[in-house]
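Novice: Any chance you could fold what I've pasted below:
(3 chains)
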Amino acid sequence: MNLTLKIWRQKDATSKGAIVDYQVKGIEGDMSFLEMLDVLNEQLITKGEEPVVFDHDCREGICGACSLQINGEPHGPDRLVTTCQLHMRKFNDGDTIYIEPFRAKAFPVVKDLMIDRSAFDRIQHAGGYISVNTSGNTIDANAIPVNKDDADESFEAATCIGCGACVAACKNASAMLFTSAKVSQFALLPQGQVEATDRVLAMVNQMDEEGFGNCTNTGACEIECPKGISLENIARMNREYLSASLKG
Amino acid sequence: MGGLIKSSIARKVAMALSGLFLVFFLLQHFTINFTSIFSEDTFNELSHFMGTNPLVQFVLQPVLIFGVVFHFVMGFILEIKNRNARAVKYAKYNGGANASWMSRNMIYSGLVVLAFLGLHFYDFWVPEMVHKYVDFAPEDPTRYYTELLHRFESPVRTGVYILSFVFLALHLWHGFASSFQSVGFNNKYSVGATKFAKAFSIVIPLGFIIVAIALHFTH
Amino acid sequence: MSILDSKIPEGPLADKWTKHKNTINLVNPANKRNIDVIVVGTGLAGGSAAATLAELGYNVKTFCYQDSPRRAHSIAAQGGINAAKNYQGDGDSNYRLFYDTVKGGDYRSREANVYRLAEVSGNIIDQCVAQGVPFAREYGGLLDNRSFGGVLVSRTFYAKGQTGQQLLLGAYSAMNRQINRGKIQAFNRHEMLDLVKIDGKARGIIARDLVTGEIERHSAHAVVLATGGYGNVFFLSTNAMGSNVMAAWRAHRRGAFFANPCYTQIHPTCIPVSGDHQSKLTLMSESLRNDGRIWVPKRVEDAEAIRAGKLKPTQLSEEERDYYLERRYPAFGNLVPRDVASRAAKERCDAGFGVNKTGEAVYLDFAAAIQRYGKEKALTSGMHNPTADQIRELGEKVIEDKYGNLFQMYEKIVDENPYKTPMMIYPAVHYTMGGLWVDYNLQTTVPGCYAAGEANFSDHGANRLGASALMQGLADGYFVLPYTIGDYLSHDIRTGKIPTDTPEFDQAEKDVKDRIEKLMSGSGEHSVDYYHKKLGKIMWNKCGMSRNEKGLKEAIGEIAALREDFWKNVKVPGEANSMNPELEKAGRVADFLELGELFAKDALDRNESCGGHFREESVEQDGEQKGEALRDDKNFKYVSAWEYKGEPKDAKLHKEDLVFENIELKTRSYK
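Specialist: Predicted coordinates for the structure are as follows:
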């Protein structure tokens, strides 16, 4: 198939960017979206132009690096996939595709479609861990039985890949789904209880400081999340936060 | 006001709680209004009570006004903050793909409801205040129903009221159920509560519309 | 006597590690504050090492090319992590894990290292659970296990199909804690371009800030390389796009010996290549082989009909199918080790039985498992006369619970429903057992330069068992390296901060800048990918699943020629002093073009078949094992450690003889 691409090009963080039009030909349905961009880039390099820069690494939907807003949706029109697992069979010959970076004030553009998501890292630094030394001198793993349903739910929350689609989809660029997934993972496990109060306060505080917007419960994040992280996590974080605030 | 409640979650909860309070008020308001279509006396009686009871007048009324003002001022603050959270807009944004129109346009449905509140104050509350505290007119426990009918004479005004209730429904459709999520109420019971909230957000504004139409044609 | 000193402690196998820990030098806590350590790579090995070193009190700087440590490719490991916990009571023990690993590695690993690995494996699970890693659990609340290829016990801990992700996030969270304490400085989007040596010791690195293009100097008292494997030398592999050999190769050029480069693991269960546009391959966890049965049609005509799209696999009856692993290896069946399963698939496809368009795919079929689980489930849920549809539905549900995310991933990529029609799989390059040579302390031949995880060669011999990579990465990072490095650093307590304004740093920086300039000044005929793909083709065809003298010799010549062409004609657009992914790729491919040649040279030297390394010249000639790989312990029971001498063809071979005192060398038989 032949496609028209409208791609955001921006030289660096301080330059102004703009949408630039490109044509690609001979795209096959079995190609992933990023392989389609590889074709474009190969074309650009041959012409002596600078290729389009975008984040990507594992290309199997788990590292969370790829982060494209495709036709107005993070990771494109397909559900439960990252951009690298979006295949071109979802598009038709002659389509025009808008490709933009995930947009949020807290995610400044580095170059073209590549963004800086270190805000997510800083939220994790603030409390996304259990303070246990890595000496191995902990109790036996089976000395802490965990209810299977809680363990499974904790796991579901922990599957977040930190791609930022939730922020990109949210009309308010809110990072509540990301933050709540981490808070929930630990809140659901007995190991996480000791620091639960401090953790939720610190992480929410950092999230606010990074300049993310507020959650207005539109639910867009849950729909667009490539891992299907549930809104229940946000409710849980709200609860955790309220009770932590009341405890002081 | 934004300074008082600093964290995003605290603001969200404050929005939810003030909203829930207003929902409760709405129910009470609707109940009284609804009596007007079948019993002039009951309506007058209830209105007289609300208009003269000191607890209602000097405690509940200020709380209500504060609740309304808080809800919309906080709404504005959040809206501005949220707009700032995305400095460069998308060239193409397909919001409809992942969220309902209602949830994405609370500010607009809210603004319509706020404008309506202005009209509503102009229609009822201001004359009421003037009547009681400026003119110190003598209290007539039977005046309420007549005044009410008078307001719904004009088809334009009635139309504006109806339109406003439609927007109120849109606002409630997202706002009411979403307040549960905001306060962290999301479990097996919240499924039922959400259904109730959705029903409420249709039934109550529809009820108001029926009252408006009924009063208009009673005239 | 070889110049290689593996520094294996004396004494009985089971006591070596404890004794060693008790006798090596320590650095006191006050002195640790004055010592800097650089950790390059933030996957399981690097992330866990950085967190632990920082926790001990050292000042740690971490480097990764990704935008966050959490994205290191350890994240993609699916199946699980082994540990000799014996929670299932099926007779597992440290010794058994040790034995299985040495045997699985075809007797080409060091006994002492492997035993230590088995010894600390249990601790890893304790540690991870304490950190909040959500492993799969049974209804009683205790940890669940599954079994994995090549072993007879259930010792694999897992978190659905995302074990690597959960373990990495655990290590990342431990790092975050230290970052928050100010003990780790994380340099993300930074790539190490050279190792700096002062007086023969590793004292720092030259790194490029990938965002600004700036070349930076970083000094430390020791440098840890945990930069993963070099599978991307094949272009197509299951590694991440950015996975590369640069750090290890730069260290090699500075004097670190490179061990066993030819030991590559080709993973049997990957999604087959769909066309020339393919940029990488996707692995399907090996755990699928627990329930999936592998087959091709018995008749070539049927295979041809399937390839032409005239026949569907579900139309073939049981009698018309060849479950070739069950046929050839009745004892292990579909659970034979990875190398055996991969070669068997290649053998069938080469013989014309492949089942996809390209003829390079075999079936992995869950129909039998769906039936089995469905019936079991119907019985336990009290259904007396379940219909075929009900059984199928129940069975599919069980399979979904176990492998749901893998099935979903498969369907997204291939556009076929694997619950209804068999999956297609084919082997792909997955892991490299070779890497920087290290001694028992994980130190390379450059003093002060350590290598951990996949970047070193130490524990897996010629073939790695499933679910052992995660185990090794975390063992190295959490429990081995932080202690052994202290022995070396104890001599540095009076050294003070290492200055970066020395001639050695000047020279290293100049070398790096010259190289970048040279890359940027290519005449510009072909893109970097063009060369990478060409290299990959040579590697796959001549150094892939089966190798022979003629092919390897050709490969050596072809790679050298390709390298020469690359340096003349590569086209790198953009500028060196800003973000430039093409430049990054160019540097990595340049190193692959050197490594590839050494790889072929090593494969040529090793004229035996062992583990993942299969030489056509070395197969059993008769008997029950006819046609199977033939190991040659008499001549090749050694580790090949290559010393850099300029061109790869001039590399000098050093041999570390492997001594087996606790295990009898046997022919690996899975029949």
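
Novice: Verify the contact between B:M106 and B:W173 for me.
Specialist: No - with contacts counted by C-beta atoms under 8 Å, B:M106 stays clear of B:W173, the gap being 9.9 Å. Bear in mind the C-beta positions are built from the backbone N, C-alpha and C, glycine included.

Novice: Would you mind splitting the chain into its domains for me?
Specialist: Answering for chain A, as no chain was given. Structural domains assigned to chain A are A:3-111, A:118-247, following automatic domain parsing.

Novice: Switch to chain C, please.
Specialist: According to automatic domain parsing, chain C is divided into the following domains: C:267-429, C:503-649.

Novice: mind checking the end-to-end distance for the last one?
Specialist: The stretch domain C:503-649 measures 30 Å between its terminal residues, going by C-alpha to C-alpha, to the nearest Å.

Novice: Could you pull up the mean pLDDT of it?
Specialist: Mean pLDDT, domain C:503-649: 96.

Novice: Ok, stretch B:182-199 next?
Specialist: Taken as a whole, stretch B:182-199 has an average pLDDT of 94.

Novice: so does it get close to chain A?
Specialist: Yes - counting by C-beta under 8 Å from any C-beta of the partner chain, chain A is contacted by stretch B:182-199 at B:S182, B:V183, B:G184, B:F185, B:N186, B:S190.

Novice: in chain A, what residue is nearest chain C?
Specialist: With C-beta to the nearest C-beta, the shortest gap between chain A and chain C falls at A:P145, namely 3.2 Å.

Novice: so how many other residues sit close to the closest residue to that residue other than its chain neighbours?
Specialist: Nearest non-adjacent residue to A:P145, counting by C-beta to C-beta, 6 or more residues apart in numbering or on different chains: C:G141, 3.2 Å away. Applying other C-beta atoms under 10 Å in any protein chain shown, we find 15 residues neighbouring C:G141.

Novice: What ranges in the chain fall below the confidence cut-off?
Specialist: Going with chain A. Across chain A, the ranges flagged by pLDDT under 70 are A:248.

Novice: Oops, wrong one, chain B.
Specialist: B:1-4, B:219.

Novice: so how far is C:V133 from A:Q124?
Specialist: Shown here: A:Q124 relative to C:V133, a distance of 15 Å by C-beta to C-beta, to the nearest Å.

Novice: Which one's more surrounded, the two?
Specialist: Comparing A:Q124 with C:V133 by other C-beta under 10 Å, the one with more neighbours is C:V133, at 30 against 26.

Novice: and residue 111, what is it in contact with?
Specialist: I'll assume chain A. Residues near A:K111 by C-beta atoms under 8 Å, 6 or more residues apart in numbering or on different chains: A:Q10, A:K11, A:D12, A:A13, A:V53, C:V211, C:S578, C:M579.

Novice: Chain C, not that one
Specialist: Contact partners of C:E111, counting by C-beta under 8 Å, 6+ apart, are C:L13, C:F98, C:V102, C:L658, C:V659, C:F660, C:E661, C:N662, C:I663.

Novice: can you check C:H277 too?
Specialist: A:E28, A:D30, A:M31, A:E35, A:D38, A:V39.

Novice: ranking the domains of chain A by burial, who's on top?
Specialist: Mean neighbour count, computed with mean count of other C-beta atoms under 10 Å in any protein chain shown, is highest for domain A:118-247 among the domains of chain A, reaching a mean of 22.

Novice: Who are the packing partners of the biggest helix by length in chain A?
Specialist: What stands out as the longest helix in chain A, according to DSSP state H, is helix A:232-247. Contacts defined by 3 or more C-beta pairs under 8 Å, 6 or more residues apart in numbering or on different chains; DSSP states H and E place helix A:232-247 against helix A:176-187, helix A:196-209, helix B:8-35, helix B:155-182.

Novice: Give me the helices and strands touching the next helix or strand after the second one, please.
Specialist: Right, helix A:196-209. Toward the C-terminus, helix A:196-209 is succeeded by helix A:220-224 as the next helix or strand (DSSP states H and E). When contacts are defined as 3+ C-beta pairs under 8 Å, 6+ apart, helix A:220-224 packs onto helix A:165-169, helix A:176-187.

Novice: again, 6 Å this time
Specialist: With contacts taken as 3 or more C-beta pairs under 6 Å, 6 or more residues apart in numbering or on different chains; DSSP states H and E, helix A:220-224 sits against helix A:165-169.

Novice: list the helices and strands the helix it packs on packs on?
Specialist: Partner elements for helix A:165-169 (3+ C-beta pairs under 6 Å, 6+ apart): strand A:73-74, helix A:220-224.

Novice: how about the ones you listed in CSV, adding distance to C:R631?
Specialist: CSV is the format used below for those (distance: least, C-beta to C-beta, whole Å):
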stretch, distance to C:R631
strand A:73-74, 51
helix A:220-224, 52
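
Novice: measure C:N441 to C:G551 for me?
Specialist: 38 Å.

Novice: Likewise for C:N180?
Specialist: Distance, C:N180 to C:G551, using C-beta to C-beta: 53 Å.

Novice: Then B:F121?
Specialist: From B:F121 to C:G551 the distance is 89 Å (C-beta to C-beta).
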